[in-house]
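Peer 1: build me a model:
(chains A and B)
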Amino acid sequence: MAAAAAGPTVFLLMVNGQIESAQFPEYDELYCKYCFVYGHDWAPTAGLEEGISQITSKNRDAQQTLVWNFPIDITFKSTNPYGWPQIVLSVYGPDIFGNDVVRGYGAVHVPFTPGSHRRTIPMFVPESTSKLQKLTSWLMGRRPEFTDPKVVAQGEGREVTTVRSQGFVTISFNVVTKDMKKLGYDVSSTDMQNPSIVSLTDGIQKY
Amino acid sequence: MAAPAAPGRAPRSLPPVPSSSRTSFTEFSIRERMREKLKAAKSKAETALLQDCPSPRPRRLKSLRQRDSETGWDKEFDKDDSRPMQKDESHVSSRVKFRDSVKKLKKKSQVQADFPSAEEAYNFFTFNFDPESENIKDEIKNKTKNDSNQEEEEEQESIVSHQQEQTEDEMNEEDYLVNDKEDLFIIDQMAHDFLVVKPADYESYSERIQKERKILFIPSILTVPTSQKVPENMQPRYLEDEGLYIGERPTVSLSHQNILENRILRQEQGKRWFGDDGKLLALPNPIKQSSMRPPIFSLEEDIEPELETLYRKAIKPMHANQYIVGSGDPHGHFQLDIDISGLIFTHHPCFSREHVLTAKLAQLYDQYLARRQRNLSKLLTDKLHALRNAIQNSLDISGTNLPNPVAPQSVTEYKFEIRQTRRLRDAEQEKDRVLLKTIIKVWKEMKSLRDFQKFTNTPMKLYLRKEEIDQRSDKKIYEAEIQAEINELLEEYMEEYEKKMEEYKTELQEWKSWKKAQIYETMGHSSTNLLAEMFIPVPETTVLTGRAITEEIEFSSNQRVMLDHEGVGSGVPFSFEADGSNTITLMTSGKVSYSVSWAVGENGVPLVPLVSQQNTGIPSPLKNIDAIASIGTSGLTDMKKLAKWAAETKLDPNDPKNADLMHLIMVATSGDACVPGFFRLEQLQQKFNFVSDEEFNRSKRFRLLQLRNREVAEFRYYKQVPLYEREINEKLFANYEKRLHEKDTIDSQDHLDAHRALVAKYLQKVRESVINRFLIAKHHFLLSDLVNEEEVPSLGILGLSLFKLAEPKRPLKPRRKERKKVTAQNLSDGDIKLLVNIVRAYDIPIRKPVLSKLQQPSKSSRSFNEMFAASPSAQSPTHSIDWAFNQVLVHPFVEVSFQRTVCRTTTAEGPNPNWNEELELPFRAPNGDYSTASLQSVKDEVFINIFDEVLYDVLEDDRERGSGIHTRVERHWLGCVRIPFSTIYFQTRIDGTFKIDIPPVLLGYSKEKNLGIERGYDSVRSLSEGSYITLFITIEPQLIPGDPVREKFDTQEDEKLLQAADKYQAECSLKFPNRQCLTTVVDINGKTVFITRYIKPLNPPQELLSSHPNNSQATAELVARYVALIPFLPDSVSFAGICDLWSTSDQFLDLLAGDEEEHAVLLCNYFLAMGKKAWLIIGNAIPEGPTTYVLTWEQNQYVIWNPSSGRYYGQFDTFCPLQSVGCLISSNNIWFNIQRYDSPVRINFDISKPKLWKSFFSQRLPYPGLSSVQPEELIYQCTDKAAALELQGRIEKILKEKIMEWRPRHLTRWNRYCTSTLRHFLPLLEQIQGKAVEDDHQAELQKQLGDYRVSGFPIHMPFSEVRPLIEAVHSTGVHTIDVSNAEFALAVYIHAYPKNVLSVWIYIASLVRNR
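Peer 2: Predicted coordinates:
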């Protein structure tokens, strides 16, 4: 009981939101996988850590966005902001021969500040090492892929890869934190105290 | 103002004319127009008023105007643009307040009323809008009219604006009245109304220049005459000429200086910027001596704590070979720290000709620079001048007949000085010239060389700048100089004679003081490839670490190095000329910067030997010249001492050479804010520190985080480090601290287990150091680690895949296909399975019917020849008859246990059973960590045990025999095969026939080679004794074993040799990619060592040699056994994921653990010492995979030895586990197998045939005579028998306890008779090396015990730890017998061989009393 009286020992980070849409001008019928990468001191307490979306086709209007609106809802508890969760996205879709190939990898940290946020992540795919490889991989429908999509959330070892960027994915996050301030982590800057203002300014920046 | 073109709109389009001449006219026209307008407006307004209800606006406006009729408020507006006014009117209501305030001003302004224009404007206003008050308006108008004339004369300009305003207002009001909607339009139009158009201005260029000249000042770049700069009526005074030291002025270009001077002179009091000599005042060094930053006051020290120099000692590398600390020096340790901070070669054998020249040039240039910096010749010339002047002056003074007693003396002094100085200067100048000449010469040589060789491999370039010289003036100067010199010389010779006498006396004096010799203790300095030896004086005892000064010492070596490439070598004559003339010989040379000092112990006590303290008393002849020499380096820190010395030696405080010293003294003695003489990066780091270091160290949380980050084994996977200190359990660190603590404390007790513990600790240490070394390498990634990419299919693969289409779907002889490999990282518990396919077994021991008579099979120790000869004659006819009648042979089944999971096959029949069953065992990685490194370090073994299932009839009542069966199943252990998991992991699959490890004695079973009845091929098989089992083991899914470390290791080998080795290996692997070729290996220190250095005859323990003095074969077997008794520890386990390390034989014996290669090397070395011909075989074997065996030449045949089991096989033994031979290694060569086959059965081991074996060292590359890494001799200490006995008792106790523990539901009885009998058997077994099968155990036991059914066997193992013993006993399943009246017997025997090599025998038996 003494511990309870002394205050919280972990802080909670609740993230919900959705993987809204993507822009892959050249590709269609894509689906998306997500997973969270977080440090040792983090543990998910509720929600799904990984997910795979439906296959979506392009809108027929001029904008040509691929809309998933795939919900994310997860709560973490942690004792240390080091290793703050990142969401790792990987988008897949069929190539002309109908083989399922990867269309993009991307990662972004879950926003620190409470409130709602939108993030547009540029996506990239590893490149073939040579022209010949590119041709054969195209023919065989087996493009180079990361051994583990979580590679994109870490910096180590990336120097050996070459990637090409293609497409964007837009995610919206709604972040709620609990007890962070009590534990000495003040993530919100002074002008961000009021979430309504934040959204307003966000809106202004957008248009 | 022009008349409106159209009523209403027109005025807006009118350009306001800023002329005042037409005012009267405009006034009139306006008035007229206004009247017209008003009439129209009036009628309009009236109609509007009539139509609408009276609109409030005009009324309000009216009232406003009325009320404000007398105010002067438009005075404020008239200067403004009129637009705001209009706006005001449109927002009248907001102006109420203003109006009120204006009202107050009303009277005042009326009193003033000297602005008729305003009134006029107002009149217009009211006039327009109040048609009722026309009379008033008129009145005012008149008044205005009167006033306006005089007023206009005064302020013409303002009127213009008023008029504008008026029209404006008028129009506005009109618009309001007429149409409110036009408002917007009006506002738009306003701006144009007020545009003032002026004609373009032009100012002529010359005019502008003139104007600029008035304002601007351009300082000239011409030199300012000195007279302007010095105060008037003063001559410039040159201090330098007066003999005073003047620091060197900072270099500023002359033009800049002139500009500045000119500029300064323009200022008031500009002259105070100039010194006496008419030059700008300048500090020699413009940088301020002390820092501007306010000093940070710390209480204790002068130096700010964060700026203090911390001395960190060079880290001592761990001595790998000495894990037992040698006997301590009774006098304690003296530590001499030698820091080698740098090494520069001035010549090196690898230098090319150009390099040589470059080095020379650089050296010369350095010299030149140094000379330039000192600028001695200039200094001396100046001094000479000064001295001459001084003489002249004194002569002048004396010429004026003033009594000056000092003069004559000083003149002679001066003269002497002059002479000295001149001599010095001449020498210096000559040196300068020579230096310059040589520089140019070398540069020319270099250029020609570059031309000649047509390439440039050094970045050196020389720039020569030519300076214009006025030859005539130079000539004059020189002539004057010479003249002066001649005069002086004359004088000099005159004085010489007198001088000589004095000199002689002084010399005599001096000579006495030189008598004392200087003594230095010296010590050698050697490098790995002993290049040069240097002698560094042992420092004074006062020179302690942290205070020593880095010094440079030059060295050179007389080593002769000849190179075949561009390098010129060392000690070899070479020439720069094309024709080879003019040869030079250069020796390797260079500079080493070092510092030597005595170390300071932990408690601050200097570790200095007392003896050398005597040296301090020796006076140095340099004492008076070098400060450091005279007071010692330690004195440098003592400022007072230094200052005193400086005073004593009369240092010239102005001499730049002494500047540093003087500055130091000055700062120290004056006691000012101390300026640290060092510069530190990150000096403010402390301020940015998150918490203070103490707190950081104290905090458990930070410590935990730190340790986790460092991947310390205990904390690597620690999750959720608590936020608060208090939540971290103190116990968390207990294990870690204990380990750390134990690492340092070494139990020196000479105890058996202690020794092993020591070894284990040492291994841990080696492991840690090796791991740390390769931690970086582990974090290097290849593309394949990160990206999965399909390989480009080659033609062959494409063809194969086409061929596959035609392949039958269900082939008659199916083959195992390659499976997809899985990276270990995304696996979890339960994902990995171990698949064991038990195919068949051969020659399982069969049950022996309880015989009444004692059977004595013939046995003798067989010779090699006997063994390898195909002799199926061993069977006896009587026996086969026995066998024919024997109904019950054996019911074997196989039980596989792995990680305590047990699986078994069905029971088969007969000694050659065929199961063909697949067993699946789950695999669990330690700590759930499925990383490659973790999987590699799994130490678990797969036990494949063969049991015999025995049915015993336990029917109590014979009458029931007809109706029921009541039997009890018992299983008897027959033998086992042990395969380490790491082997399976690295091999990915294990496929083959293995020898079953069958104990030498199996009570109740016999192992007979009696199966001649079966077909002919048995004769081949029975060549070697023993039972065999065919297995296929693999892991599902297939795991990718860790890659070897991609890192080049440090080495001391010759570069040429390594290159040759690389080439050799590349050639070999090109021809036979599957055959292993080993040329270099990594030793325990992580250095690359040429493999042949490991092979060297080493003496086996004398005890082994003397045990069979006449039988060389028995000796060989014993030696092999001894080697095999050293526990096996694969490197992959101890150095997970790092590399294969080879330890030398003495290290191996000290560690008592090693890999196949260590065993093989030791065995090979023993065999060599015993006079055999022996080689290492690098090849593949089952189940080990790539491994090392030993080949010997015995009595006209080759014998292959398995060093880790001690078994040997003939070359043509089909059951030899060695499957392929890659290369052979002897102490002086490597032979690679280039025969068509690599199976030992099919190859020729004759290495003298170059067509079959490709040798590394040949005539082309002769063996250079590599020294061995092995020790000269192995020293064996006899093992403590008592300790072995004690261990024996302990193991027995532990095992008994364990067996009881494993049988929790039964009472475990121990049969003491049996135990003691078994104990007697064991030493005998050891003696005969457990080879010969003895049947008399059974008989003996029966004799002893009477009617017991005994099943049991001895287990033999090398001793490493207790755990494997327990594991082995458990796997036999002796304890599983659940007969209620079963009794057990267990005996342990330990035979101690030299060097703590222990052979453990465990005899275990279960007894059931026969009814």
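
Peer 1: next up, the contacts around the residue of chain A found nearest chain B.
Peer 2: Residue of chain A nearest chain B, by CB to the nearest CB: residue A:157 (3.3 Å). The C-beta positions use only the backbone N, C-alpha and C, and glycine is treated the same way. Residue A:157 makes contact with A:151, B:779, B:781, B:785, B:786 under the criterion CB atoms under 8 Å, 6 or more residues apart in numbering or on different chains.

Peer 1: what does residue A:83 give?
Peer 2: Taking CB under 8 Å, 6+ apart, we find residue A:83 in contact with A:38, A:39, A:40, A:41, A:42.

Peer 1: helix, strand, or coil at the closest residue to the fourth one other than its chain neighbours?
Peer 2: Yep, that's residue A:41 we're talking about. Spatial nearest neighbour of residue A:41, chain neighbours left out: residue A:80 (3.8 Å); criterion: CB to CB, 6 or more residues apart in numbering or on different chains. Judged by DSSP: H, G, I helix; E, B strand; the rest coil, the three-state class of residue A:80 is coil.

Peer 1: isn't residue A:80 right next to residue A:39, touching?
Peer 2: Yes - between residue A:80 and residue A:39 there is a contact under CB atoms under 8 Å: 7.0 Å.

Peer 1: more neighbours: which of these two?
Peer 2: When neighbours are counted by other CB atoms under 10 Å in any protein chain shown, residue A:80 and residue A:39 differ, and residue A:80 comes out ahead with 20 against 16.

Peer 1: from residue A:184, how far out is that one?
Peer 2: According to CB to CB, to the nearest Å, residue A:80 stands 11 Å off from residue A:184.

Peer 1: follow-up on the earlier one: what's the pLDDT at the residue nearest to residue A:41?
Peer 2: At residue A:80, the model reports a pLDDT of 87.

Peer 1: now residue B:983
Peer 2: 77.

Peer 1: now swap in residue A:29 and tell me
Peer 2: 90.

Peer 1: ditto for residue B:628
Peer 2: pLDDT for residue B:628: 44.

Peer 1: same question, residue A:122
Peer 2: Confidence score, pLDDT, at residue A:122: 95.

Peer 1: how many neighbouring residues does it have?
Peer 2: Neighbourhood size, residue A:122 [other CB under 10 Å]: 12.

Peer 1: partner strands of the strand of greatest length in chain A, with direction?
Peer 2: Secondary structure of chain A read by DSSP state E shows that its longest strand is strand A:163-178. Counting by DSSP bridges, the strands paired with strand A:163-178 are strand A:11-23 (antiparallel), strand A:115-126 (antiparallel).

Peer 1: among the ones you listed, which is nearest residue B:710?
Peer 2: Among the strands paired with strand A:163-178, strand A:11-23 comes nearest to residue B:710, with 25.6 Å by CB to CB.

Peer 1: what about the closest one, average pLDDT?
Peer 2: 93.

Peer 1: sec struct for the residue in chain B that chain A sits nearest to, please.
Peer 2: Closest approach of chain B to chain A (CB to the nearest CB) occurs at residue B:781, with a separation of 3.3 Å. With three-state DSSP as the basis, residue B:781 sits in coil.

Peer 1: against residue A:154, how distant is it?
Peer 2: 11 Å.

Peer 1: ok, those two, which is more surrounded?
Peer 2: Counted by other CB under 10 Å, residue B:781 and residue A:154 do not tie: residue B:781 has more neighbours, with 16 against 13.

Peer 1: find the nearest non-adjacent residue to residue B:1278, please.
Peer 2: Leaving aside its sequence neighbours, residue B:1278 sits nearest to residue B:1394 (CB to CB, 6+ apart; 6.0 Å).

Peer 1: list the contacts of the one you found.
Peer 2: B:1101, B:1103, B:1104, B:1276, B:1277, B:1278, B:1279.

Peer 1: is the spatially most central residue of chain A within a helix or a strand, and which one?
Peer 2: Of all residues in chain A, the one closest to the mean position by CA atoms, centre = their mean is residue A:87, 3.5 Å from it. Counting by DSSP states H and E, the element that carries residue A:87 is strand A:86-94.

Peer 1: what about the helices in the stretch 1001-1150 of chain B?
Peer 2: Using DSSP state H, counting those that start in this stretch, the helices of the stretch 1001-1150 of chain B run over residues B:1017-1021, B:1055-1071, B:1102-1107, B:1112-1124, B:1131-1134, B:1145-1151.

Peer 1: out of the ones you listed, the one nearest residue B:813 is which?
Peer 2: Closest of the helices of the stretch 1001-1150 of chain B to residue B:813 is helix B:1017-1021, at 19.6 Å (criterion: CB to CB).

Peer 1: so for that closest one, mean pLDDT?
Peer 2: For helix B:1017-1021, mean pLDDT is 40.

Peer 1: again with stretch B:996-1006
Peer 2: Across stretch B:996-1006, pLDDT averages out at 77.

Peer 1: with stretch B:1218-1225 instead?
Peer 2: Stretch B:1218-1225 comes out with an average pLDDT of 87.

Peer 1: for it, which residues meet the burial criterion?
Peer 2: Judged by neighbour count (16 or more other CB atoms under 10 Å in any protein chain shown), stretch B:1218-1225 contains these buried residues: B:1218, B:1219, B:1220, B:1221, B:1222, B:1223, B:1224, B:1225.

Peer 1: and the residues you listed, which is closest to residue B:1347?
Peer 2: Closest to residue B:1347, out of all of these and judged by CB to CB, is residue B:1218, at 47.7 Å.

Peer 1: what bridges to the closest residue to the closest one other than its chain neighbours?
Peer 2: Nearest in space to residue B:1218, with sequence neighbours left out and distances taken as CB to CB, 6+ apart, is residue B:1181 at 4.6 Å. Taking DSSP bridges as the rule, residue B:1181 bridges to residue B:1185, residue B:1218.
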